[in-house]
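> based on what follows, work out the 3D shape:
(2 chains)
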Protein chains: 2
Amino acid sequence: MTQWENAIKSIITQQMEICARNEDVAVEQIIRSLKNGLAVIPANRLHTNLTLPSIIGKGFRVKVNANIGTSFGHADLKEELEKLKVAIETQADSVMDLSTWGDLREIRKEILKNSPIPVGSVPIYSASVKAFDSKKSVIDFTEEDFINMVLSHAEDGIDFMTIHAGITNRTLQRLRNGNRILKMVSRGGAIITGWMLKNGKENPFYEHFDEILDIAHDYDVTISLGDGMRPGSIIDATDPQQIEELLEMQELVERAWGKGVQVMIEGPGHVPLNEIEANVKLMKKIGKGAPIFLLGPLPTDRGVGYDHIVGAIGGALAGYFGCDFLCYVTPSEHVSLPDIEDVREGIVASRIAATVADVAKRSKKALELEKQMAVARVNFNWEKMFELAIDSRVALEKYSKRPYDDKGCSMCGPFCAIKVTEEFTLKGT
Amino acid sequence: MTQWENAIKSIITQQMEICARNEDVAVEQIIRSLKNGLAVIPANRLHTNLTLPSIIGKGFRVKVNANIGTSFGHADLKEELEKLKVAIETQADSVMDLSTWGDLREIRKEILKNSPIPVGSVPIYSASVKAFDSKKSVIDFTEEDFINMVLSHAEDGIDFMTIHAGITNRTLQRLRNGNRILKMVSRGGAIITGWMLKNGKENPFYEHFDEILDIAHDYDVTISLGDGMRPGSIIDATDPQQIEELLEMQELVERAWGKGVQVMIEGPGHVPLNEIEANVKLMKKIGKGAPIFLLGPLPTDRGVGYDHIVGAIGGALAGYFGCDFLCYVTPSEHVSLPDIEDVREGIVASRIAATVADVAKRSKKALELEKQMAVARVNFNWEKMFELAIDSRVALEKYSKRPYDDKGCSMCGPFCAIKVTEEFTLKGT
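As a prediction, the model looks like this:
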């Protein structure tokens, strides 16, 4: 039985218990949210070492995903496992293995074997890489290849999979009629669109969606409906092409629920700040409340080299308006395969965004931590401040850069407002 | 005549012309905005090398200020001038010299001599440092000391000054009645409050506000009404103590305008995301439309070591809702005096926030740059992408980390969506 089916029968799974404890909520709330599809617990029944599952959805802490994986000419398993280690250390809630180079299955299996957090993947990459490796073009694969890859990822223990089933002939009609600058920036989306046009067929992910759901059900894989038509520039945001794909997702969400499969929907990557609220609310409405997995979003395209900051701005606001799951963006986005330091910076930036969103949503736990930080500050309790910091190591490093031996720090020295208040102001009140 | 008085008489100054050119607007718009106090051009008549003045206010690009200056035990003029150089290179719109150590006047004069951008200061620091240097407590100075410091800063050519005149006996009443965790985190605010309580007198900045305005008028110094009661924690945000000080500012704004003095108001530093809109709108309303100068704001206190990212999240949203001028926050905020690299990172983060706000406000110029970036991307025009990046140097560095010799980059290699679209998708449409 899937987590959803257990919830329907009010059976409490081990994963539900862990989530309830981590979220500081009653397990009944977990069950209620799973039942009505407002939350998911990605947990493939074969990912046996998943000791840190997460519940993603309305009413729970905003979660953070980190993409790792190899790319063209660079497939170093050790480096990927090191990225995974950093992801766990910096408290990412999940990773996605987006590898497109090397022995994909070995990499995937090793990541799963070493990951106590949920692992996601994009099976179409495997089909595409297989074609490319056989000296064919990246779109030269069959419908069977698709389905086999989904099955193979499920068998390996993948907890959630991006399936670009929302690109249909209707969506392509919008692509033809549209006037985007950047037609497509989703790898999966571009590959599947190329395949559809070359073969003159409907999207095999859409055509065979029931088969995919059957596999997902057997292994309890959470389906993440990919946003192949997501805009790749501020100028292209919130256009008919993007929204058309979203509209297709409503049917897919209902079909997933109909088969007892957990499902979430993915959202646009490049969105100006003034359109984030509308995008998130529309996704929640059309998606019937299914959890939202958002890349970024990025509210400017000019922050190259700092897209983790751009993504944190968009992510904080998206999280506040109801986005449940932030896909991190690293400083190397758009220009380079991220290295280990990029992974760290990307996760911390996204965790800051998630924290900002949780605080803004008046999460009891998030506010309690903010209060503890304020109390630590007024008491010059540096140990506690570092402990409460989202990245304790870097907080301590920055403090230690210029040592200061009195109560405050080297920024204000004897003119520290908290010290002055303590010495002169409170006495007089 | 001040910029404001010139505007009233429809006289076009050189500074107005430069601003009109930089903002890509008609000089009439500059004049109109200055006239009704909705914008300011900080430009002390003695800061003769101010070749890059800025107009700050409604309808113009969101601006970024960088705080530099010495602190306890660390007064290296060369380092401060290097920070200034970095600020100019990374396109900060202004700097504030917040020095509290060393020969303050020499530092100030050297910064001004080398700064083509407006320079701000906080004269109360000078009075306080003078007291501290004479082995007295940081609040042991006279009312004359205050006024003399304002005059001295104006004579040196300071373009805008923070004056904490909004802390009055009424505000202190709120401080007494309140139950903040962190009573005060503004250095100037804490010092002046200590002084008021010790001397049992009204705030000398409030009492002598007309004298200060006369000095400001003579040199055309823009007054920035300091937020001494700004909350220092998320938990303390938007409380009566903070708002009481804001209420006092309305009278002060009107008195400044009555004397032909340009004025802006400063705002809270620590504000949860869900209260940023209300704060900015209340400040605009109570401040009668005077430009808003905001520190951060910071929507979580747990991002220690990454407060530039936290500040960018708050700043982008504040800018979108009408904040005109973002005071940067560096990664060392709360823990250490910023070094040169901190200054760079802080400015870039704030410029990203300002860009996000300008894009969200549908600024024609900002959208044009976004469009150019999208076009550069679809054409794999890397030179142009780096040129359009907010920090071109870092964008190029990140790209060069893992060279890729085909059109795309090492992130996606042959699976680059833009390449796939070009090769397979467009052909079929």
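> C-alpha from now on. contacts and neighbour counts both.
OK.
> what packs against the helix or strand where A:Val253 lies?
Under the criterion of DSSP states H and E, A:Val253 resides in helix A:240-258. Counting contacts by 3 or more Cα pairs under 8 Å, 6 or more residues apart in numbering or on different chains; DSSP states H and E, helix A:240-258 packs against helix A:169-177, strand A:263-267, helix A:276-286.
> if you set the cut-off to 10 Å instead, what comes out?
helix A:169-177, helix A:209-219, strand A:222-225, strand A:263-267, helix A:276-286 (3 or more Cα pairs under 10 Å, 6 or more residues apart in numbering or on different chains; DSSP states H and E).
> next, format those as CSV and append mean pLDDT and mean neighbour count.
Listed next are these as CSV, based on pLDDT from 0 to 100; neighbours: other Cα atoms under 10 Å in any protein chain shown:
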stretch, mean pLDDT, mean neighbour count
helix A:169-177, 90, 17
helix A:209-219, 98, 20
strand A:222-225, 98, 26
strand A:263-267, 97, 28
helix A:276-286, 98, 19
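> could I get these as CSV with distance to B:Glu251?
Formatted as CSV, the helices and strands packed on helix A:240-258 follow (distance: least, Cα to Cα, whole Å):
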stretch, distance to B:Glu251
helix A:169-177, 56
helix A:209-219, 66
strand A:222-225, 56
strand A:263-267, 47
helix A:276-286, 36
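> could you point out which of these sits nearest chain B?
Closest approach to chain B among those is made by helix A:169-177 (6.1 Å; Cα to the nearest Cα).
> what's the angle between that closest one and helix A:240-258?
170 degrees (axes from the mean of the first three to the mean of the last three Cα atoms, to 10 degrees).
> now the helix or strand following helix A:169-177: buried residues?
Following helix A:169-177 in sequence order, the next helix or strand is helix A:187-199 (DSSP H and E). Residues A:Arg187, A:Gly188, A:Gly189, A:Ala190, A:Ile191, A:Ile192, A:Thr193, A:Gly194, A:Trp195, A:Met196, A:Leu197, A:Lys198 are the ones in helix A:187-199 that count as buried (16 or more other Cα atoms under 10 Å in any protein chain shown).
> now do the helix ranked longest in chain A, average pLDDT.
Using DSSP state H, we find that the single longest helix of chain A is helix A:340-360. Averaging pLDDT along helix A:340-360 gives 98.
> also stretch A:105-117?
98.
> if we can go back for a sec, what angle do the helix holding A:Val253 and strand A:263-267 make?
170 degrees.
> ok now helix A:240-258, how far from the chain's centre?
19 Å (Cα atoms, centre = their mean, to the nearest Å).
> and stretch A:174-194, by the same measure?
22 Å.
> returning to that earlier point: now the longest helix of chain A - C-alpha only, PDB.
Output in PDB follows, covering the C-alpha atoms of helix A:340-360 (Å, rounded to 0.1, in the frame of the first residue of the first chain):
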ATOM      1  CA  ILE A 340      30.500  21.000  -4.200                       C
ATOM      2  CA  GLU A 341      30.800  24.600  -2.900                       C
ATOM      3  CA  ASP A 342      27.900  25.600  -5.300                       C
ATOM      4  CA  VAL A 343      25.800  22.800  -3.800                       C
ATOM      5  CA  ARG A 344      26.400  24.100  -0.300                       C
ATOM      6  CA  GLU A 345      25.700  27.700  -1.200                       C
ATOM      7  CA  GLY A 346      22.600  26.800  -3.100                       C
ATOM      8  CA  ILE A 347      21.100  24.800  -0.300                       C
ATOM      9  CA  VAL A 348      21.800  27.400   2.300                       C
ATOM     10  CA  ALA A 349      20.200  30.100   0.200                       C
ATOM     11  CA  SER A 350      17.100  28.000  -0.400                       C
ATOM     12  CA  ARG A 351      16.900  27.100   3.300                       C
ATOM     13  CA  ILE A 352      17.000  30.900   4.100                       C
ATOM     14  CA  ALA A 353      14.100  31.400   1.700                       C
ATOM     15  CA  ALA A 354      12.200  28.500   3.200                       C
ATOM     16  CA  THR A 355      12.800  29.900   6.700                       C
ATOM     17  CA  VAL A 356      11.600  33.400   5.600                       C
ATOM     18  CA  ALA A 357       8.500  31.800   4.200                       C
ATOM     19  CA  ASP A 358       7.800  29.800   7.300                       C
ATOM     20  CA  VAL A 359       8.300  32.800   9.500                       C
ATOM     21  CA  ALA A 360       6.000  34.900   7.300                       C
END
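> surely A:His217 and A:Thr2 touch.
Yes - using Cα atoms under 10 Å, A:His217 is in contact with A:Thr2, at 6.7 Å.
> between those two, what contacts are shared?
Shared contacts of A:His217 and A:Thr2 (Cα atoms under 10 Å, 6 or more residues apart in numbering or on different chains): A:Asn44, A:Gly260, A:Val261, A:Gln262.
> spell out which parts of the stretch 1-150 of chain A neighbour chain B.
When proximity is defined as Cα under 10 Å from any Cα of the partner chain, the stretch 1-150 of chain A approaches chain B at A:69-74, A:98-101, A:125, A:128-129, A:132, A:137-139.
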